[in-house]
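Asks: Below: sequence and its predicted model.
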Amino acid sequence: MDLQLLESLLNDVASFLWGYPLIILLFGTHIYLTIRLRFIQRYLFKAIKISFSRKKEGTGDISQFGALTTALAATIGTGNIVGVATALTLGGPGAIFWMWLSGVFGIATKYSEALLSVKYRVTNPDGTVSGGPMYVLERGLKMKWLGIVFAALTAISAFGIGNMTQANSIAHLAEDTFAMAPWLTGIIITLLTAVVILGGIQSIAKVTETLVPFMALFYIVGGMIVLMLQPGSLMETISLIFNSAFTGHAALGGFAGAGIKEAMRFGIARGLFSNESGLGSAPIVAAAAQTKNPVRQALVSSTGTFWDTVVVCALTGLVLVNSGNWTQEGLNGAKLTSSAFSEMGAIGTIVLTVGLLTFVFSTILGWSYYGEKAAEYLFGKKVIVPYRVLWVIMVFVGSILSLNIVWTFADITNGLMAIPNLVSLLLLTPVLISETKKYLWSGNIEEGETEE
């Protein structure tokens with residue numbers, strides 16, 4: 001088949017999959033679980049407090065904080081910077097509001113998938129633990145075949161969305177910013193990746209516990225400084241975002257215009273793609289956490305969506321809209337982001353460059369664990385070392401190749417992961433309610449699990 005035809009076909013499939021069907025299913029699940037769990041978002045501050053605890057609380061491979069930072073490492077990536085710009089240029093300023101709202105409601109879904117993954121995780125003969133939607137589907141719903149489907153999609157998707165495309169982004173950024181040859185960047189990133197992931201989840205968590213707080217704090221503080229350089233228009237920007245969310249926005253300058261439907265569609269879609277609530281990826285590492293009971297880790301995991309979308313994506317959106325560059329002809333995606341930040345001088349350029357470099361590298365680390373555990377579910381422990389070696393090799397391959405087809409294919413498999421995961425969430429809602437009532441609503445959040 002002609003490569004151009006294949007790319008066109010894959011683009012059509014990806015556009016359909018990430019269109020209204022998946023958006024309705026995902027956002028609908030967010031709202032449904034929010035209602036059934038009595039607005040679990042009200043426990044956010046309690047969840048944040050628990051998340052900063054690094055002491056061992058129960059069986060598991062890594063601390064609750066380590067599980068959170070590893071999940072955030074995989075979640076916070078180019079979607080938080082470039083993805084926001086894409087939503088803005090396609091859906092107008094109102095898309096930023098709907099993106100933010102997807103994060104608010106997505107907290108309930110992230111809580112739910114983490115709770116089930118801890119509840120149905122298994123302890124391996126060597127003392128390590130394994131969990132995730134594949135085990136929930138197998139043990140909770142007795143649908144092992146669907147668990148195999150989810151694991152296969154995850155193992156494949158990881159190489160595209162969490163590996164090669166991320167390495168390619170770093171290589172292009174280094175080439176544009178520092179005139180560094182892609183192959184040289186590839187060697188550096190490959191070596192750094194090898195040093196971290198060959199040591200397993202403990203090594204990954206150790207690095208992300210330091211890297212993620214630094215990169216998030218640096219970007220948040222840097223973004224706020226960029227906003228303060230143009231304080232006069234900030235309130236006008238916030239008003240524009242809210243008004244456009246419910247009225248749409250007419251054509252302006254190079255912006256083609258967008259109605260309410262476009263603002264909702266692209267804002268929600270990019271928000272979901274960024275925070276991964278409902279896709280089933282983050283619960284894989286949540287299951288490795290040392291926790292007294294499933295609800296404690298579920299609360300910790302839910303804060304990931306808050307930090308990713310409600311804070312980081314919203315901040316990026318404010319910077320982009322406040323710059324006014326989104327109305328210029330020919331500026332979209334990465335070009336719009338670069339233009340908006342560079343307009344603020346050296347500070348903006350530094351914030352964007354450091355943000356992208358750290359966000360993308362951390363995604364490579366986080367997704368390596370997701371892919372590895374999916375492969376382990378399919379083929380057993382014997383696949384772990386070969387998988388890690390192959391992962392390292394593909395980081396270099398991704399740095400030097402053009403990856404349009406790989407990115408689109410990974411987009412499709414990543415979206416398909418959500419379907420079996422959402423099936424488990426909806427069918428096991430009574431379990432979610434029972435566990436939440438047992439530990440949270442009854443005030444027994446500090447208690448450990450009891451044998452069933």
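Replies: Noted; the coordinates are in hand.

Asks: For the closest residue to F255 other than its chain neighbours, give its distance to H249.
Replies: In space, and not counting its chain neighbours, F255 is closest to T327: 4.8 Å by C-beta to C-beta, 6 or more residues apart in numbering. Backbone N, C-alpha and C define where each C-beta goes, glycine included. For T327, the distance to H249 equals 10 Å [C-beta to C-beta, to the nearest Å].

Asks: Please enumerate the shared neighbours of the two.
Replies: Residues touching both T327 and H249 by C-beta atoms under 8 Å, 6 or more residues apart in numbering: F255.

Asks: The two: which has the busier surroundings?
Replies: Neighbour count, other C-beta atoms under 10 Å: between T327 and H249, H249 has more, with 25 against 15.

Asks: hey, what's that one bridged with?
Replies: The residues listed as beta-bridge partners of H249 by DSSP bridges are A258.

Asks: Who are the contact partners of it?
Replies: Contacts for H249 (C-beta under 8 Å, 6+ apart) come out as G92, P93, G94, F255, G257, A258, A263.

Asks: If we use 7 Å, what do you get?
Replies: For H249, the contact set (C-beta atoms under 7 Å, 6 or more residues apart in numbering) comprises G92, P93, G94, G257, A258.

Asks: got it, and I81?
Replies: I81 is in contact with T316, T337, G355, L356, F359, counting by C-beta under 7 Å, 6+ apart.

Asks: swap the cut-off to 6 Å and go again
Replies: T316, T337 (C-beta atoms under 6 Å, 6 or more residues apart in numbering).

Asks: how far away is it from V195?
Replies: Remark: distance between I81 and V195 (C-beta to C-beta) = 26 Å.

Asks: ok, now A289?
Replies: Relative to V195, A289 is positioned 24 Å away (criterion: C-beta to C-beta).

Asks: of the two, who's got more company?
Replies: Neighbour tally, A289 and V195, criterion other C-beta under 10 Å: the higher count belongs to A289, 33 against 12.

Asks: ok, and the closest non-adjacent residue to that one?
Replies: Spatially, and ignoring its direct neighbours in sequence, A289 is nearest to A67 (3.7 Å; C-beta to C-beta, 6+ apart).

Asks: Measure how buried that neighbour is and give me the count.
Replies: Per other C-beta under 10 Å, the neighbour tally for A67 reads 32.

Asks: Name the SS class of it, please.
Replies: Following DSSP: H, G, I helix; E, B strand; the rest coil, we place A67 in the helix state.

Asks: Provide a list of residues in contact with it.
Replies: Taking C-beta under 6 Å, 6+ apart, we find A67 in contact with V285, A286, A288, A289.

Asks: Write a ChimeraX command that selects only the buried members of the contacts of H249.
Replies: In ChimeraX, this line selects whichever of the contacts of H249 come out buried by 16 or more other C-beta atoms under 10 Å:
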select :92,93,94,258
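
Asks: Least confident of the contacts of H249?
Replies: Lowest-confidence member of the contacts of H249: G257, scoring 70 (pLDDT).

Asks: residues contacting it?
Replies: Residues in contact with G257 (C-beta under 6 Å, 6+ apart) are A250, A251.

Asks: Distance check, it against T309.
Replies: Using C-beta to C-beta, G257 is found at 25 Å from T309.

Asks: now L229
Replies: From L229 to T309 the distance is 24 Å (C-beta to C-beta).

Asks: For the two, indicate the residue with more neighbours.
Replies: Neighbours were counted for L229 and for T309 using other C-beta under 10 Å; T309 has more, 30 against 13.

Asks: Surely that one is in contact with L101?
Replies: No - applying C-beta atoms under 6 Å, one finds T309 not in contact with L101, separated by 9.1 Å.
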